[in-house]
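Participant: got a predicted structure plus its sequence, pasted below:
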Amino acid sequence: MPAGLGPLTVRRLFWGVAVLLLGGLPLALAAWRSIAVAQLAESERVLAAMVEESRVGTDQAEKLLHDGRYDLVAEASAKLVERVLAEFQGYSQLTRRGNRFRIDSLATHFEHGHAEVIAQAQFDWRWGLYDGPIEIRYYAFARVTAENECVLHFRVAEARPLAQWRFFNRFLAPILTLRMQRQLAIHDFPLPIGLKTPGDRPARAAGEPAKEHKALGKAGIRIQVPPRTWDLAGRRVLALFDQERVGLVVESARGASDPTASRLAAPPTGLELAVRLPFLAELLASATRPTTDIQITVDRLPRLWQNQGRLFGMAFDNHLDLRNVAGVIDIVGCRTTLVEHELGLDVALNGRFAGTAEARLFGVSFALPFKVRPSAVQQLPLRLVADEDGIGLGFGAREVKMDIEVETSVARVPLRASYPLVLPPEIMARALTLPGLRVLRVEMPRAVERGRVTETRPVRLRVSWQLELPESIEGFARAHGDFHFEDGGGS
């Protein structure tokens, strides 16, 4: 005990401090509420601006659809989005500061430009400030990411305590709303739609290194495909969000309206993809603008030419090998075709190869450098490719072939060698990335503890697809998907 303070003095000091704190608590709470109200006023202005921006963007997207001034539209029905969001029921979270939150039920109401998600939840605020039921009103907006995927962005608009003390509920609501906005926000949620490719996603950075490294056969052939990036040539990509659908629209580069395309703008009953065929060729051309589309290196191609010759009665094994061959294949042209309802792609290829031609002629070895510039034009059939990840246009099992032909001479003896270089379908799928509709395999977080997801629940969405090709090459290829949820989920 400090000197000079007896037991009676200590008790009086303790109760004095307790009375002071208890007397100041209402004032502290009132000040806290006043600060929360002021900060919420600014949050409400930001939220109102987001609502207006989303509404205007949806108006613009719907006008493009109505006028037929779009090159691609990918969308999901509001019914599908609502069913996916229902998987948030049972979601629980423990924050880093010890607050506990659990969603018991929720309902989604679609508006023009956004949706309201009303969640009934339980909230346990640390220090015993509140422990009971609450109602949270979220605003959900559609956004298009840099990877051209469509996500839902959530904002807490209001949190209402539902305890028995009504006055206390009204007093606590601004403080609780601000707390929910800062500490219990839902991260952007990916919708099961967005642009996709049969191979890798488009690269995020043009300088990203090549990802494909594939060895073919005993010849030690290695093929690398630099990452693909799409250039939409100034086309806008607009999010679409209304009472019937959520998705994205790629604006057409054509200024004039296309009345024949407006029929594709009907609200979806499931998942929809519509893409203008000439847009495919433009998109592919933009992805193959770099001077190096496919890189190829070969350790050794043995005995591309051989001859069992005789000289002065002696037998010789004459042959020609190619060693340390390196080159590139550039895709210099792409054109979509439609012949008798068969969709195809004409591809023009130019190659540049160099290496060493090693010859053995009548017992004498020679090493001569060579350079060749092969070229080829091939037609690839485009097929509907559907799997668990979504739907897109692919090349099927068609290979691409290009002959590497080397001509040289040794001691006036002409030597010719030819090697049929074959590019597998998966290589072309990486080099020519075709857009499609991505159906993400979504895993909903079920439990989050101090910023770490500890439990997830997969949303098993299955889609059956139907493809409709246009009558002319200027039209749209359209895919419709009927969906259902497994494990008892209704469609």
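Facilitator: Cool, the structure landed. Numbering: from 1, shown residues only.

Participant: dump stretch 143-156 to CSV, restricted to CA.
Facilitator: Output of stretch 143-156 as CSV, limited to C-alpha atoms (Å, rounded to 0.1, in the frame of the first residue of the first chain):
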residue,chain,number,x,y,z
ARG,A,143,-18.5,-5.0,-60.8
VAL,A,144,-16.2,-6.1,-63.7
THR,A,145,-12.7,-7.0,-62.6
ALA,A,146,-9.5,-6.6,-64.5
GLU,A,147,-9.8,-10.3,-65.6
ASN,A,148,-13.3,-9.6,-67.0
GLU,A,149,-15.0,-11.5,-64.3
CYS,A,150,-18.3,-10.3,-62.7
VAL,A,151,-18.3,-10.0,-58.9
LEU,A,152,-20.7,-8.7,-56.3
HIS,A,153,-19.5,-5.9,-54.2
PHE,A,154,-21.2,-5.6,-50.8
ARG,A,155,-21.7,-2.5,-48.6
VAL,A,156,-23.4,-2.4,-45.2
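
Participant: what comes into contact with that stretch?
Facilitator: 47, 50, 74, 81, 85, 117, 136-142, 177, 180-181, 184-191, 193-195, 201-202, 204, 230, 237-239, 246-248, 438, 440 (Cβ atoms under 8 Å, 6 or more residues apart in numbering). In this view, the C-beta of every residue, glycine as well, is placed from N, C-alpha and C.

Participant: ok, which stretches of the stretch 1-150 of the chain are strands?
Facilitator: Here the stretch 1-150 of the chain has its strands, by DSSP state E, counting those that start in this stretch, at 70-77, 92-94, 100-110, 115-125, 130-144, 149-161.

Participant: do the stretch 201-350 of the chain as well
Facilitator: Taking DSSP E, counting those that start in this stretch as the criterion, the stretch 201-350 of the chain carries its strands at 214-216, 221-224, 237-241, 245-251, 271-276, 294-311, 314-339, 342-361.

Participant: going by mean pLDDT, which of these comes out lowest?
Facilitator: Averaged per stretch, pLDDT over the strands of the stretch 201-350 of the chain is lowest on strand 214-216, reaching a mean of 51.

Participant: rewinding a little: which stretch among the strands of the stretch 201-350 of the chain comes nearest Gln379?
Facilitator: strand 342-361 (5.2 Å; Cβ to Cβ).

Participant: which parts of the closest one are buried?
Facilitator: By 16 or more other Cβ atoms under 10 Å, the buried positions in strand 342-361 come out as 343-345, 347, 349-351, 353, 355, 357-361.

Participant: burial count for Met444?
Facilitator: 19 (other Cβ atoms under 10 Å).

Participant: buried sites along the helix or strand that contains it?
Facilitator: Counting by DSSP states H and E, the element that carries Met444 is strand 443-449. Burial within strand 443-449, assessed by neighbour count using 16+ other Cβ under 10 Å, is assigned to 444-448.

Participant: partner strands of that strand, with direction?
Facilitator: Here strand 443-449 has these sheet partners by DSSP bridges: strand 92-94 (parallel), strand 452-458 (antiparallel).

Participant: list the contacts of it.
Facilitator: 87-88, 90-94, 453-459.

Participant: in a markdown table: those, plus pLDDT.
Facilitator: Output for the contacts of strand 443-449, formatted as a markdown table (pLDDT from 0 to 100):
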| residue | pLDDT |
| --- | --- |
| Glu87 | 83 |
| Phe88 | 86 |
| Gly90 | 90 |
| Tyr91 | 89 |
| Ser92 | 90 |
| Gln93 | 87 |
| Leu94 | 86 |
| Val453 | 82 |
| Thr454 | 86 |
| Glu455 | 86 |
| Thr456 | 81 |
| Arg457 | 79 |
| Pro458 | 76 |
| Val459 | 76 |
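
Participant: and the residues you listed, which of them are buried?
Facilitator: 87-88, 91-94, 457, 459.

Participant: may I ask which helix or strand of this structure has the lowest mean pLDDT?
Facilitator: Among the helices and strands of the chain, strand 214-216 carries the lowest confidence by mean pLDDT, DSSP states H and E, at a mean of 51.

Participant: where does pLDDT dip in the stretch 51-200 of the chain?
Facilitator: The stretch 51-200 of the chain contains residues with pLDDT under 70 at 127-128, 166-168, 192, 194-200.

Participant: mind running it again at 90?
Facilitator: Applying pLDDT under 90 to the stretch 51-200 of the chain flags the ranges 65-68, 72-76, 80-81, 83-89, 91, 93-101, 123-132, 143-152, 159-200.

Participant: so what pLDDT did Thr260 get?
Facilitator: 66.

Participant: again with the one 4 residues further on
Facilitator: Looking at Leu264, its pLDDT reads 52.

Participant: what residues are up against the closest residue to Trp125 other than its chain neighbours?
Facilitator: Once flanking residues are discounted, Trp125 sits nearest to Asn99: 5.7 Å by Cβ to Cβ, 6 or more residues apart in numbering. Asn99 sits next to 123-126, 179, 183-184 when contact means Cβ under 8 Å, 6+ apart.

Participant: okay if I get the contacts of strand 443-449 as CSV plus distance to Val325?
Facilitator: Formatted as CSV, the contacts of strand 443-449 follow (distance: Cβ to Cβ, whole Å):
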residue, distance to Val325
Glu87, 54
Phe88, 56
Gly90, 59
Tyr91, 57
Ser92, 60
Gln93, 58
Leu94, 60
Val453, 49
Thr454, 53
Glu455, 53
Thr456, 48
Arg457, 52
Pro458, 47
Val459, 49
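
Participant: would you report the backbone torsion angles of Met180?
Facilitator: phi -60, psi -40 (degrees, to the nearest 10).

Participant: what about it, distance to Leu301?
Facilitator: To Leu301, Met180 is 67 Å away according to Cβ to Cβ, to the nearest Å.

Participant: check Val37 too.
Facilitator: 78 Å.

Participant: okay, those two: which has more neighbours?
Facilitator: Leu301 (21 against 14).

Participant: now that one. Nearest residue, chain neighbours left out?
Facilitator: Leu322 (4.2 Å).

Participant: tell me how many other residues surround that neighbour.
Facilitator: 25.

Participant: doesn't His187 belong to a helix?
Facilitator: No. Under DSSP: H, G, I helix; E, B strand; the rest coil, His187 falls outside any helix and is assigned coil.
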